[in-house]
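In: build me a model:
(one chain, ligands or ions: 1)
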Amino acid sequence: MYPIRLIAIGKPKGGPLRELEQHYRTLLKAYARLDVEELAEGRGDPARQLKDEAERLRAQLLTARCPVLLSAEGPPRTSEGFARWLGTRMDRGESLAFAIGSSHGFDPALKGEIKEHLSLGPMTFPHDLSRVLFLEQLYRAFSILKGTPYHK
Ligand SMILES: C[S@@+](CC[C@H](N)C(=O)[O-])C[C@H]1O[C@@H](n2cnc3c(N)ncnc32)[C@H](O)[C@@H]1O
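Out: Next up, the predicted model:
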């Protein structure tokens, strides 16, 4: 099982999105050892909040060989393209850590420091929906790499 970390600012509310997240986390157990870490939102005005979150995100993300920020501004990628990207990193044995930001996104300085940005599309989604979409795409990527019928 390949270890993959997902670091998210804020806790998702209960309800259908939480259930859907659990659904994909269960499916992913066939392919990956997924570790989801939730960090509290920063305090203060938005700029202060983002700096506070960035400090804690750096401590978590920079331990990985390949840290990735989920951001609508990232380069567009197809599911097949993401699967190839994932497969290459796994072949190299790179540790992977993905981060989902808070309601204000990420501190601009952190965005400059982390080179890999992954977009789920050019529109902006709430963070708990982004978690579900990312986990589905991660599961789809593994399905593509393994050639299972999930991805048609
Ligand atoms: C409500 S959004 C933040 C919106 C904020 N204005 C921004 O500029 O990022 C919360 C988080 O969800 C994730 N997110 C939202 N839409 C996304 C997308 N299309 N692709 C990748 N991640 C996305 C990002 O990690 C973002 O920081």
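
In: all helices for this structure, in order.
Out: 16-28, 46-61, 79-91, 108-113, 127-146 (DSSP state H).

In: mind listing what's buried along the third one?
Out: Put plainly, it is helix 79-91. 82, 83, 85, 86, 89, 90 (16 or more other Cβ atoms under 10 Å). Heads up, the C-betas are built off the backbone N, CA and C, glycines and all.

In: and of the residues you listed, the nearest to the ligand?
Out: residue 82 (11.5 Å; Cβ to the nearest ligand atom).

In: re earlier: got the buried residues of helix 79-91 as TSV, with pLDDT and distance to residue 40 columns?
Out: Formatted as TSV, those follow (pLDDT from 0 to 100; distance: Cβ to Cβ, whole Å):
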residue	pLDDT	distance to residue 40
82	98	29
83	98	33
85	98	30
86	98	29
89	97	29
90	97	31
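
In: how about these, which pair is most distant?
Out: The span of those, defined through Cβ to Cβ, is set by 82 and 90 at 12.3 Å.

In: which neighbours do these two share?
Out: The contact sets of residue 82 and residue 90 do not overlap (Cβ atoms under 8 Å, 6 or more residues apart in numbering).

In: check contacts around the most centrally placed residue in the chain.
Out: The centroid of the chain falls nearest to residue 98 when counting by Cα atoms, centre = their mean (3.8 Å). When contacts are counted by Cβ under 8 Å, 6+ apart, residue 98 touches 4, 5, 6, 7, 68, 69, 70, 118, 134.

In: next: residue 28.
Out: By Cβ under 8 Å, 6+ apart, the neighbours of residue 28 are 34, 135, 138, 139, 142.

In: tell me the buried residues in stretch 109-116?
Out: 110, 111, 114, 116.

In: same check on stretch 36-51?
Out: 39, 42, 49, 50.

In: one more: stretch 94-111?
Out: Applying 16+ other Cβ under 10 Å to stretch 94-111 flags 96, 97, 98, 99, 100, 101, 102, 105, 106, 107, 110, 111 as buried.

In: if we check the ligand, which of those residues are in contact?
Out: 100, 101, 105, 106 (Cβ under 6 Å from any ligand atom).

In: can you tell me how far the closest residue to residue 66 other than its chain neighbours sits from residue 35?
Out: Nearest residue to residue 66 in three dimensions, chain neighbours excluded: residue 94, at 4.5 Å (Cβ to Cβ, 6 or more residues apart in numbering). Counting by Cβ to Cβ, to the nearest Å, the separation of residue 94 from residue 35 is 16 Å.
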